[in-house]
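Asks: I would like to see how this sequence folds:
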Amino acid sequence: MLHFLNIRTSHWLVLVGMLYFVPTVLEAQKILLRDDFFNKKYYWYWRNDGPVDPPQLKSGLVSANLVDPTDQAYCNVELMNPDNIFDNSNGPITVRMRVRAMQPKKPGTWGWGLWHSEDTDNQYVFDMAWFMEQRDSVPDSYNTWWRAVSGDKSMGLLGLDFVDLDSLVDQTQWHTYTILWHPDSVVWWVDGEKVYKSTTVVPKLKMAFHFWVDNHVHDMITAAKIKQTWQGNNELVMDFVEIYQGNFPARVERGNRLAVFRGMYNEIGNGQREYLWKEIPFTAYDGETVILVTGRAEQYEHYSDDDDLRLVLDQEDWGWNSPLSLDGQQLNGGVKTIVYAGELTPGEHTLQVWGDITPTLYDVTILSAPGGRVVLLDTLVETAPEGQNHLWKEYTFTVDSGWVAIYIAGTADEDRPGRDYNDAEDDDLMIQLDSLSFGWQTDTSFYGNKLFGEAKAVLIQRWLPAGEHRLTLWSNGTPTKTAVLIYAPAQADSTPLGIRYPLDEHGKPEFILEPNYPNPFNQSTRIAFEIHQARSVQLRIVDIRGREVVRLLNRYLRPGRHEVVWDGTDRHGNSLPSGVYFAVLNSASHQRVQKMLLVR
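Replies: This next block holds a predicted model:
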């Protein structure tokens, strides 16, 4: 596709939402763009030139099909992001996509990857890093090739480096292609195998993503453009594309209170058949263990076998196309949360996640605790009715005092159509526990203009007093929930040191001091508390004899939840010895105490 885009890029708005995630550290991965083509995204330019149709969204994929082009006109079918937004100055850029050609190549050009878009037609070599085939009507001519290509515009016609792929890759079969663009190299992989690395010609400019079929052959000797014609289809299809910066590590947590494991993967499978994707060791306790897996699976009509995901717990295979699996033929691009709850032998266990083709694995969460039990479970997939600030779902539940885990999975769509995404018009879901709201468009919510229809699972762990509680879901637009689960240990009232909470005039504790975490601790521990009214609060650490060793807090606070970290030192910064200490929370008329164990 060595032609030029005759568009004014200044008219295109900068892509937002899931196209720009801010990493927490420089080494972290951030997704710049990802589309699994389960619905039409308007951040693309769905382009066609000449008397041909633009790209079409098929079942779970996008098709660029150039049918019956004429040699009297330039004909092109193309999917592209409209601006040169990808810049590797802040870390390497990785482009990963699954692509298949539905017929052997006809005369013309097709390809996929990164290219610096231009707004003029007087150049023939651009910054690029892509897979590309060009074929003219004369077999075995100079302009007939299938290559992985890197280009540097500053080097002119000599600024190309490539490897021929004719003997390596049959592009009429499905393959997962990967391009890694470093500041000093470009590396290409096919199905996880490296096929070439270029260090002599490396793109310098910002680039955009392109996926196209056209009827041009570019003669690299004479710089002529030769239009081609044929009868019938020349179809290229793409299952997914994702572009990210930096590494792609999953966010994994182990031993976080009731969650013995949590993997926030947000990954698309590798396209192979029946592969072991994840292997997760975990510890189960004497109580009910809950396994939650949220994912998406698609079916592709005649283009490909469907996506599937199956689970194996220890030696028990839960099977493909079973109630405890993801079946693309059944889901057809939908999201499902697999829920297993049962008593396991206390000790070590292993969960295996197997993939087939390209399911998306968003989240794996395993809850287990002594005496743990499912308090509430709702696995009905529901979409909220249209409305704003709508009280959509309400759940009441009763627990003993202690830690409670609340798991909510669902999806939310962006504001559509158009590219000027309006936060007031997208789908949102807000979670509220009793009187505590977790807010709209936060990390603990579902925010359509960041999710773009992708799924998400939220895990909230809170210390609650004994009694009845209320969980409510509020909606803007039409978000979808796939599962709501509440899990808690079955235990007697465990108010720290037997101190009862006096209640305010509304029947609620005046404030709550949660158990510190971790406990026992070595380096530091977090002390959290919640107050229902603004007040002056003092938080002290005292030793076993009741002597104050350090004062962590002494000020006026607003209502809500607050958290303080204690590093095991006294008021002078000296490390304290191992032993029992107490966190003491005071207001004008009330006191709460929490026992802690420091282990050096």
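Asks: For the residue most central in space within the chain, give me its contacts.
Replies: In the chain, the C-alpha closest to the average C-alpha coordinate belongs to residue 266, at a distance of 3.6 Å (Cα atoms, centre = their mean). With contacts taken as Cβ atoms under 8 Å, 6 or more residues apart in numbering, residue 266 has the following neighbours: 31, 250, 360-363, 454. Glycine gets a C-beta too; all of them are placed from N, C-alpha and C.
Asks: out of these, which are buried?
Replies: Buried members of those, counted by 16 or more other Cβ atoms under 10 Å: 31, 360-363, 454.
Asks: quick one: the strands in the stretch 201-350 of the chain?
Replies: Residue ranges of the strands in the stretch 201-350 of the chain, as given by DSSP state E, counting those that start in this stretch, are 208-214, 216-218, 225-227, 235-245, 251-256, 259-264, 267-268, 275-284, 288-296, 308-313, 316-317, 326-327, 335-343, 347-356.
Asks: Check the stretch 351-500 of the chain too.
Replies: Counting by DSSP E, counting those that start in this stretch, residue ranges of the strands within the stretch 351-500 of the chain are 360-367, 372-378, 382-383, 390-399, 402-411, 428-433, 436-437, 446-447, 455-464, 467-476, 480-489.
Asks: between these, which gets nearest to residue 90?
Replies: Each of the strands of the stretch 351-500 of the chain was scored for nearness to residue 90 using Cβ to Cβ, and the closest is strand 446-447 (23.9 Å).
Asks: And the next helix or strand past the least confident helix or strand in the chain by mean pLDDT?
Replies: Comparing helices and strands within the chain by mean pLDDT, DSSP states H and E singles out strand 511-513 as the least confident, with a mean of 82. Tracing the chain past strand 511-513, the next element assigned as helix or strand by DSSP states H and E is strand 525-531.
Asks: buried stuff in whichever helix or strand comes after that following strand?
Replies: Reading on from strand 525-531 to the C-terminus, the next helix or strand found by DSSP H and E is strand 535-543. Buried residues in strand 535-543, counting neighbours by 16+ other Cβ under 10 Å, are found at 535, 537, 539-541.
Asks: related to what we said a few turns ago, the least confident helix or strand of the chain packs against which elements?
Replies: Contacts of strand 511-513 with other secondary structure elements, assessed using 3 or more Cβ pairs under 8 Å, 6 or more residues apart in numbering; DSSP states H and E, are made with strand 525-531, strand 579-586, strand 591-598.
Asks: go with 7 Å
Replies: Judged by 3 or more Cβ pairs under 7 Å, 6 or more residues apart in numbering; DSSP states H and E, strand 511-513 is in contact with strand 525-531, strand 591-598.
Asks: Partner strands of that strand and their direction?
Replies: The partner list of strand 511-513 in its sheet, established with DSSP bridges, is strand 525-531 (antiparallel).
Asks: Please tabulate the buried residues of strand 535-543 in JSON lines, including the columns pLDDT.
Replies: What follows is these, written out as JSON lines (pLDDT from 0 to 100):
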{"residue": "535", "pLDDT": "84"}
{"residue": "537", "pLDDT": "88"}
{"residue": "539", "pLDDT": "93"}
{"residue": "540", "pLDDT": "91"}
{"residue": "541", "pLDDT": "92"}
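Asks: between those residues, which is nearest residue 207?
Replies: Taking those together and measuring to residue 207 by Cβ to Cβ, the closest member is residue 539, at 52.7 Å.
Asks: From residue 310, how far out is the closest residue to the closest one other than its chain neighbours?
Replies: Sequence neighbours aside, residue 553 is the residue nearest to residue 539 in space, at 3.9 Å (criterion: Cβ to Cβ, 6 or more residues apart in numbering). In this structure, residue 553 and residue 310 are 50 Å apart, going by Cβ to Cβ, to the nearest Å.
Asks: Next: residue 35.
Replies: 25 Å.
Asks: Same question for residue 277.
Replies: Separation of residue 277 from residue 310 (Cβ to Cβ): 10 Å.
Asks: Give me the more crowded residue out of the two.
Replies: Using other Cβ atoms under 10 Å, the more surrounded residue of residue 277 and residue 310 is residue 310, with 23 against 18.
Asks: That one against residue 320, yeah?
Replies: Yes - with contact defined as Cβ atoms under 7 Å, residue 310 reaches residue 320; the gap is 4.9 Å.
Asks: hang on, the earlier thing: let me see the contact set for the residue nearest to residue 539.
Replies: For residue 553, the contacting residues are 537-539, 564, by Cβ atoms under 7 Å, 6 or more residues apart in numbering.
Asks: Check residue 275 too.
Replies: Shown in contact with residue 275 (Cβ under 7 Å, 6+ apart): 354-355.
Asks: Kindly recompute the last result at 10 Å.
Replies: Neighbour list for residue 275: 269, 353-357 [criterion: Cβ atoms under 10 Å, 6 or more residues apart in numbering].
Asks: got any ranges where the protein has weak pLDDT?
Replies: Judged against pLDDT under 70, the low-scoring parts of the chain cover residues 1-28, 119-125, 139-140, 142, 156-158, 220-223, 248-249, 490-510, 588-589.
Asks: picking that back up, which residues do residue 277 and residue 310 both contact?
Replies: 352-356, 359.
Asks: between the residues you listed, which is closest to residue 79?
Replies: Distances from the shared contacts of residue 277 and residue 310 to residue 79 were compared by Cβ to Cβ; the smallest belongs to residue 359, at 22.5 Å.
Asks: quick one: contacts for the closest one?
Replies: When the contact criterion is Cβ under 10 Å, 6+ apart, the partners of residue 359 are 36, 267-269, 277, 295-298, 306-310, 325-328, 331, 353.
Asks: do the same with residue 206
Replies: Contacts for residue 206 (Cβ under 10 Å, 6+ apart) come out as 83-89, 114, 116-117, 127.
Asks: Determine which two of these are furthest apart.
Replies: With distance counted by Cβ to Cβ, no two of the contacts of residue 206 lie farther apart than 89 and 117, which are 18.2 Å apart.
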